[in-house]
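1. Need a 3D model of the sequence below.
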Amino acid sequence: MAQLTGEAQIMGGDIRLDESTQSMALGAKAVTPDGRAFRYVKCGSTAVVAGKLYDGPATVDNHASLAVPAAVAAGSLTIGVTLGATAATANQYAGGYAVISNEAGEGFTYSIKSHPAADASAALTVTLDDDEPVVTALTTSSVVTLVLNQYNGVIIHASTETGIPVGGGNTQITAAQYGWLQTRGPIAMLHDATNGAAGDGLSASLTTDGAVTKLAVVIAPVGYLIDDGVSTEYNPAFLTID
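-> This next block holds a predicted model:
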């Protein structure tokens, strides 16, 4: 799954896709003839709507900085961790990543293929993609953080960040169905109460759910205004998330 390939060649597809059955890999990228870029996503429990900013699924604090209960040899296709006080559902992290954040093996990121369910504070073994075995052996001092697939279960950007921005809505995607979020190029985006001018940088709003704002600090930059922004309206923006 993680072998290097070219970008998907998606011909004749509809950028306003809203389908109940997954038809390609989550995160697959498509580009329109005018240069706009899109990523294929699964919608979360609330429908995607046009003109608003969307984040990847909320991070799970109790699935970060996890202990490794037993040493893992180089070449292994499994990594064991001990969860914090939140259970994991089966394949919750499939398509996501195991990040070795400290001690032996630190700095490596491995793509997760599958895993069973596990109770809170219990052991969980994740199976890695076949072509991404462990490079540097892990010890019981190693620390692992589990990272969700950022395109699986996208949610509206919250004014208090729970994840990272992954795209703007260009159409409606029904809750729990599949479609495209725009990541690059011109798009209408909801603006919060902070006005901006053409050329101003944009970031995720810290006050209005689903909105962007004039970039004042480097928090989740997402693009630029194309024209002067009018507060609380959907203004022409140029996304650069991709």
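
2. Please provide the alpha-carbon coordinates for the longest strand along the chain, formatted as CSV.
-> Taking DSSP state E as the assignment, the strand of the chain that covers the most residues is strand 178-190. Below are the C-alpha coordinates for strand 178-190, written out as CSV (Å, rounded to 0.1, in the frame of the first residue of the first chain):
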residue,chain,number,x,y,z
TYR,A,178,-17.4,9.7,0.5
GLY,A,179,-16.4,12.6,-1.8
TRP,A,180,-13.9,15.3,-2.5
LEU,A,181,-12.5,18.2,-0.4
GLN,A,182,-10.7,20.9,-2.2
THR,A,183,-7.1,21.5,-1.1
ARG,A,184,-5.7,24.0,-3.6
GLY,A,185,-6.9,26.7,-5.9
PRO,A,186,-9.8,29.2,-6.0
ILE,A,187,-12.8,28.5,-3.7
ALA,A,188,-15.4,30.4,-1.7
MET,A,189,-14.6,30.2,2.0
LEU,A,190,-16.6,31.4,5.0
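
3. buried ones in it?
-> Tyr178, Gly179, Trp180, Leu181, Gln182, Thr183, Arg184, Gly185, Ile187, Ala188, Met189, Leu190 (16 or more other CB atoms under 10 Å). For the C-beta atoms, the positions are set from N, CA and C on the backbone; glycine is no exception.

4. Which residue ranges make up each domain of this protein?
-> Structural domains assigned to the chain are 29-57+152-240, 61-147, following automatic domain parsing.

5. Can you give me the first-to-last residue distance of stretch 132-141?
-> Stretch 132-141 has an end-to-end distance of 22 Å (CA to CA, to the nearest Å).

6. quick one: average pLDDT of that stretch?
-> For stretch 132-141, mean pLDDT is 98.

7. Begin at 51 from now on, thanks
-> Yes, from this point I'll number from 51; that puts the last item at stretch 182-191.

8. so what's the nearest residue to Ala238 once chain neighbours are set aside scoring on pLDDT?
-> What sits nearest to Ala238 in space, not counting adjacent residues and going by CB to CB, 6 or more residues apart in numbering, is Tyr284, at 4.2 Å. pLDDT recorded at Tyr284 is 95.

9. what does Ala52 give?
-> pLDDT recorded at Ala52 is 58.

10. Point out the one among the domains of the chain that comes closest to Leu67.
-> Proximity of those to Leu67 was assessed by CB to CB; the nearest stretch is domain 79-107+202-290, lying at 4.4 Å.

11. Can you give me the end-to-end span of that closest one?
-> End to end - CA to CA - domain 79-107+202-290 spans 14 Å.

12. Point me to the residue sitting closest to the centre of the chain.
-> Most central in the chain under CA atoms, centre = their mean is Gln200, positioned 1.9 Å from the mean C-alpha point.

13. so what's that residue up against?
-> Gly77, Gly106, Pro107, Gly213, Ile214, Val216 (CB atoms under 8 Å, 6 or more residues apart in numbering).

14. And for Ala208?
-> Asp105, Asp259.

15. Can you list phi and psi of it for me?
-> Main-chain dihedrals, Ala208, degrees, to the nearest 10: phi -90, psi 140.

16. Which pLDDT value does the model give it?
-> Ala208 carries a pLDDT value of 89.

17. and what of Ala270?
-> Note on Ala270: pLDDT of 65.

18. circling back: I'd like the mean pLDDT over the longest strand of the chain, please.
-> For strand 228-240, the mean confidence score works out to 96.

19. Over to stretch 140-153?
-> 97.

20. Pull out the buried positions in that stretch.
-> Neighbour-count burial for stretch 140-153 flags Asn141, Gln142, Tyr143, Ala144, Gly145, Gly146, Tyr147, Ala148, Val149, Ile150, Ser151 (criterion: 16+ other CB under 10 Å).
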